[in-house]
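Enquirer: Sequence unavailable; structure follows:
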Ligand code: MN
Ligand code: MN
């Protein structure tokens with residue numbers, strides 16, 4: 001029996017035709033064979049995983065050397081299941097290189113609450129589906145309460161206590177990001193945990209209650225619990241003489257006009273338009289089929305990525321001859337250390353949508369094409385042996401998607 005091994009190009013085309021998320025049964029055609037090199041796998045294998053990672057199974061010829069793992073999927077993360085929802089996290093524990101950022105994916109049913117809590121790190125969030133009500137009170141006694149929907153961001157500064165509650169009809173699902181790879185949603189400061197581990201007499205004295213008022217407090221942390229759907233926002237506010245927080249904690253990212261490139265759209269949220277978000281800068285990127293996020297790098301921070309839809313692959317150049325390509329799809333986390341150049345290609349038939357997050361107050365990137373366009377062409381030609389009239393085609397304007 002003989003197989004005809006397709007070229008890398010035809011494998012990709014086949015993948016594109018199927019679209020992301022389609023279950024394929026042609027995995028036997030995918031082998032680590034490129035031209036005359038390589039050989040078929042005759043030992044144990046996991047065709048589904050190999051199919052999702054065509055560029056790991058058959059790396060591009062330009063891949064070389066040792067680059068650490070730059071991907072972890074939320075699908076492989078432990079599910080913490082509670083009454084009313086769940087959460088799962090990708091931290092430095094799951095993806096060791098991600099020292100600057102950790103992420104949490106959480107689902108709350110209608111009325112379910114991520115309980116009142118705080119943590120050492122700031123919290124940046126993106127609503128993936130549905131609606132939630134969020135509350136916070138800052139260190140000067142200003143309160144904040146808002147409803148957020150799909151495409152909205154929120155940001156709670158470090159240490160500021162807050163809550164999240166799912167609204168009608170089916171609650172919500174969101175991504176949380178924390179500018180610290182060692183963050184864990186398991187080690188936050190929860191109000192129920194505080195009450196369970198504080199002397200009753202001290203609590204009642206502190207709050208002006210009687211000890212009997214505290215008879216029914218929970219014995220341990222709730223984390224996520226089912227509750228009633230709150231009333232409309234205008235009936236749920238608490239009067240605060242000091243007024244609301246000076247900087248809003250919500251940003252309607254997807255209502256912003258995008259920076260349009262041919263074949264893509266980019267929306268940036270950092271301290272230039274979302275003033276309170278001092279510890280996390282973000283870009284929401286859309287790449288249409290056949291297009292790519294241009295070759296670039298970030299001079300100020302590592303990049304933590306979350307893929308929302310589509311099928312993508314990213315090649316990262318790590319200097320000293322090292323480069324590696326990874327495949328990504330919805331629910332995957334990617335990572336790029338500061339200053340390593342990278343590009344992301346849409347290899348599917350639907351738009352790729354993903355978030356680029358940075359532990360920084362400003363989004364910054366350096367474009368390879370713009371650098372070359374704004375450098376004396378003779379100098380570029382002397383390095384790369386490219387004709388002058390070819391170099392004249394370089395764009396002087398940055399174009400995030402090409
Ligand atoms: Mn939190
Ligand atoms: Mn980037």
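Expert: Yep, that arrived. Everything quoted here is computed from the prediction, not taken from an experiment. Residues are numbered from 1 along each chain as shown. Ligands and ions are numbered 1, 2, ... in the order given.
Enquirer: residue nearest the centroid of this structure?
Expert: residue 306 (2.8 Å; CA atoms, centre = their mean).
Enquirer: Look at that residue and give its secondary structure.
Expert: strand (DSSP: H, G, I helix; E, B strand; the rest coil).
Enquirer: how long is stretch 175-190 from one end to the other?
Expert: Terminal residues of stretch 175-190 are spaced 19 Å apart (CA to CA, to the nearest Å).
Enquirer: which outside residues touch it?
Expert: Residues from elsewhere that reach stretch 175-190 (CB atoms under 8 Å, 6 or more residues apart in numbering): 80, 87, 89, 91-93, 98-106, 115-126, 128, 221-223, 279-280, 304, 306, 355, 357, 359. (Each C-beta comes from the backbone N, C-alpha and C, glycine too.)
Enquirer: how about 6 Å then?
Expert: Defining contact as CB atoms under 6 Å, 6 or more residues apart in numbering, one finds that stretch 175-190 is touched by 87, 89, 91-92, 98-105, 115, 117-119, 121, 123-126, 221, 279-280, 306, 357, 359.
Enquirer: residue contacts, the residue nearest to the centre of the chain?
Expert: 175, 333, 355.
Enquirer: same deal with residue 214?
Expert: By CB under 6 Å, 6+ apart, the neighbours of residue 214 are residue 200.
Enquirer: do the same with residue 369
Expert: The contact partners of residue 369, by CB under 6 Å, 6+ apart, come to 394-395.
Enquirer: What residues of the host helix or strand of it count as buried?
Expert: Using DSSP states H and E, residue 369 sits within helix 368-373. By neighbour count with 16 or more other CB atoms under 10 Å, helix 368-373 contains the buried residues 369-370, 372-373.
Enquirer: Could you report the pLDDT at the residue nearest to the centre of the chain?
Expert: On the pLDDT scale, residue 306 is placed at 98.
Enquirer: Setting aside sequence neighbours, what's the nearest residue to it?
Expert: Nearest residue to residue 306 in three dimensions, chain neighbours excluded: residue 355, at 4.6 Å (CB to CB, 6 or more residues apart in numbering).
Enquirer: what do you get for residue 128?
Expert: With CB to CB, 6+ apart as the criterion, residue 128 has its nearest non-adjacent residue at 4.9 Å, and that residue is residue 173.
Enquirer: per the record, what domains does this protein have?
Expert: 8-58, 73-251, 257-366, 367-402 (automatic domain parsing).
Enquirer: out of those domains, nearest to residue 65?
Expert: Residue 65 sits nearest to domain 257-366 of all the domains of the chain, at 3.5 Å, using CB to CB.
Enquirer: Report the distance from the closest one to the chain centre.
Expert: Centre-to-centre, domain 257-366 and its host chain are 10 Å apart (CA atoms, centre = their mean, to the nearest Å).
Enquirer: before we move on, what about stretch 185-194?
Expert: From the chain centre to the centre of stretch 185-194 is a distance of 24 Å (CA atoms, centre = their mean).
Enquirer: now swap in stretch 45-64 and tell me
Expert: Its chain's C-alpha centre and that of stretch 45-64 lie 23 Å apart, by CA atoms, centre = their mean.
Enquirer: again with stretch 86-94
Expert: Between the centre of stretch 86-94 and the centre of its chain there are 12 Å (CA atoms, centre = their mean).
Enquirer: Stretch 208-220 too?
Expert: 39 Å.
Enquirer: can you pull the buried residues of that stretch?
Expert: Buried-residue list, stretch 208-220, by 16+ other CB under 10 Å: empty.
Enquirer: hang on, the earlier thing: in a markdown table, list the domains of the chain along with distance to residue 65.
Expert: Shown next, in a markdown table, are the domains of the chain (distance: least, CB to CB, whole Å):
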| stretch | distance to residue 65 |
| --- | --- |
| domain 8-58 | 15 |
| domain 73-251 | 15 |
| domain 257-366 | 4 |
| domain 367-402 | 20 |
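Enquirer: residues contacting residue 104?
Expert: Applying CB under 6 Å, 6+ apart, we find residue 104 in contact with 87, 89, 176, 185.
Enquirer: got it, and residue 199?
Expert: Contacts of residue 199 (CB under 6 Å, 6+ apart): none.
Enquirer: Show me what the residue nearest to the centre of the chain bridges to in the sheet.
Expert: residue 333, residue 355 (DSSP bridges).
Enquirer: what's around the closest residue in space to residue 399 that isn't next to it in sequence, how many residues?
Expert: In this structure, residue 399 finds its nearest non-sequential neighbour in residue 261, 4.9 Å apart by CB to CB, 6+ apart. By the criterion of other CB atoms under 10 Å, residue 261 has 21 neighbours.
Enquirer: And residue 245, by the same measure?
Expert: The number of residues packed near residue 245 is 20, by other CB under 10 Å.
Enquirer: Also residue 297?
Expert: 19.
Enquirer: same check, this time on residue 203
Expert: 16.
Enquirer: list the buried ones in the host helix or strand of it?
Expert: Using DSSP H and E, the element containing residue 203 is helix 200-207. The neighbour-count check on helix 200-207 (16+ other CB under 10 Å) flags 200, 203 as buried.
Enquirer: That helix packs against which elements?
Expert: Helix 200-207 sits against no helix or strand, with contacts defined as 3 or more CB pairs under 6 Å, 6 or more residues apart in numbering; DSSP states H and E.
Enquirer: For it, what is the distance to the chain centroid?
Expert: Worked out by CA atoms, centre = their mean, helix 200-207 lies 41 Å from the chain centre.
Enquirer: Can you name the next helix or strand after that helix?
Expert: Next helix or strand after helix 200-207 toward the C-terminus (DSSP H and E): strand 224-225.
Enquirer: Below-threshold pLDDT in this structure: ranges please.
Expert: 1-29 (pLDDT under 70).
Enquirer: Please, where are all the helices along it?
Expert: For the chain, helices defined by DSSP state H occupy the ranges 8-18, 47-52, 54-57, 191-196, 200-207, 368-373, 377-384, 388-391.
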